[in-house]
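**Student:** The sequence and its predicted three-dimensional model are supplied below.
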Amino acid sequence: MATVTKLPIAFAETMASVLETSNVEALAPQEVSTHIGMCVYLQGLFAIARQSITERVSQGMDARTFAAEYEPALAGLEAILTTTQRIMTKAQTSVLPQPAEQVIASYRALMDDVMSLREFLANVVAKAKMPARPFDWKRAQEAEAAFARGETKPFERSAKR
């Protein structure tokens, strides 16, 4: 799994486990603040992960390497979402005090971000795992012939950023 996704996934798995096994209704005010703060912090980490993935893809990366590096993150995100579903079901079946509702609302916003990242990453990994198109030798020969006739000219390479 890529380093950029390891930390937020590990934190989110831990948080999901804590929320699933704890009594959200009985959280002390300091615990409520801590849970909400962790949700905000994790949202930032997942945003950084998505940005990093986007940058790596846009800079060009071997598709197989990308798929091998990021596919395990999908399993981690799926596990988080599965646990989250149980937490949300439990929260919907009980009347929660206002502080607990705030924790659940923050957690729901975090899970929306996790779901968005999971969908984005699943799409990119699926494309990376697709077989490469075969090289079109005829088209390459036609381009070389057009260049030889002076009909085309090569692109000037720009300096890398």
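**Tutor:** Arrived safely. Keep in mind that this is a model prediction, so the values were computed, not measured.
**Student:** Okay, and V4 sits in which element?
**Tutor:** Secondary structure assignment for V4, by DSSP states H and E: helix 3-21.
**Student:** name the helices or strands packed onto that helix?
**Tutor:** helix 29-58, helix 63-92, helix 98-129 (3 or more C-beta pairs under 8 Å, 6 or more residues apart in numbering; DSSP states H and E). No exception for glycine: its C-beta is placed from N, CA and C like everyone else's.
**Student:** Report the buried residues of the last one.
**Tutor:** If I follow you right, that is helix 98-129. For helix 98-129, burial by neighbour count (16 or more other C-beta atoms under 10 Å) applies to 99-100, 102-104, 106-107, 110-111, 113-114, 117-118, 121-122, 124-125, 128.
**Student:** ditto for the first one
**Tutor:** Residues of helix 29-58 classed as buried under the neighbour-count rule (16+ other C-beta under 10 Å) are 32, 35-36, 38-39, 42-43, 45-46, 49-50, 53, 56.
**Student:** Go through those and name the one nearest L77.
**Tutor:** Relative to L77, the closest of the buried residues of helix 29-58 is F46; by C-beta to C-beta it sits at 9.3 Å.
**Student:** per-residue confidence for that closest one?
**Tutor:** pLDDT recorded at F46 is 94.
**Student:** Could you do E25 as well?
**Tutor:** pLDDT at E25 comes out at 82.
**Student:** Report the separation between the most centrally placed residue in the chain and M111.
**Tutor:** For the chain, the residue nearest the mean C-alpha position is L117 (3.2 Å; C-alpha atoms, centre = their mean). Counting by C-beta to C-beta, to the nearest Å, the gap from L117 to M111 is 10 Å.
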